[in-house]
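Asks: model the following, please.
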Amino acid sequence: MPTRRMARELALQALFSVEIGKRDPDEVLDETFAHAGTNGAHRAFIKDLVYGTLEHASESDSLVSPLLEGWTIERLPTIDRLLLRMGVFELGHRPDTPRPVIINEAVELAKKFSTDDSGRFVNGVLSTAMNAERS
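Replies: From the prediction side, this is the model:
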């Protein structure tokens, strides 16, 4: 049975498959659930992250773009862009999860799946976005 961290990892992998492969999210999630031992609660959480991240991508990009010094959202590594979108979605729409946990989970996924600098980068952007939302 996956933990929330593993569920976030599966959501990130599904988002990556949708983004890179231009695939239908329903199809990707069906494949994800067929290969991963997930229960109903984790499936609901994964679906919420995937569909919420996709639905609110423009909103997330608008919040994150001003925080990218010398970069555009499109130029970011795909994993970083997806983690920022997923993190911003979760920060704004999942009040049941403490904000520091959301940021830490995104940082850990960045360290695992992206570049050497991605963990610090994702931490900085999401922390700034979180503080901007509070003010």
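Asks: the host helix or strand of T53 packs against which elements?
Replies: Per DSSP states H and E: T53 is located in helix 40-55. If you count contacts as 3 or more Cβ pairs under 8 Å, 6 or more residues apart in numbering; DSSP states H and E, helix 40-55 packs onto helix 4-21, helix 25-35, helix 78-93. C-beta here means a position set from N, CA and C on the backbone, and glycine is covered the same way.
Asks: any idea how far it is from the chain center?
Replies: 11 Å (Cα atoms, centre = their mean, to the nearest Å).
Asks: report the contact partners of the residue sitting nearest the centre point of the chain.
Replies: Nearest to the geometric centre of the chain sits M86, at 2.5 Å (Cα atoms, centre = their mean). Shown in contact with M86 (Cβ atoms under 8 Å, 6 or more residues apart in numbering): 8, 11-12, 15, 49, 53, 106.
Asks: residues contacting R81?
Replies: Per Cβ under 8 Å, 6+ apart, neighbours of R81: 73-74.
Asks: I should have written T78 there, sorry.
Replies: So T78 contacts 16, 19-20 (Cβ under 8 Å, 6+ apart).
Asks: any weak-confidence spans in this structure?
Replies: Applying pLDDT under 70 to the chain flags residues 1-2, 133-135.
Asks: of the contacts of M86, which is the nearest to S60?
Replies: T53 (7.5 Å; Cβ to Cβ).
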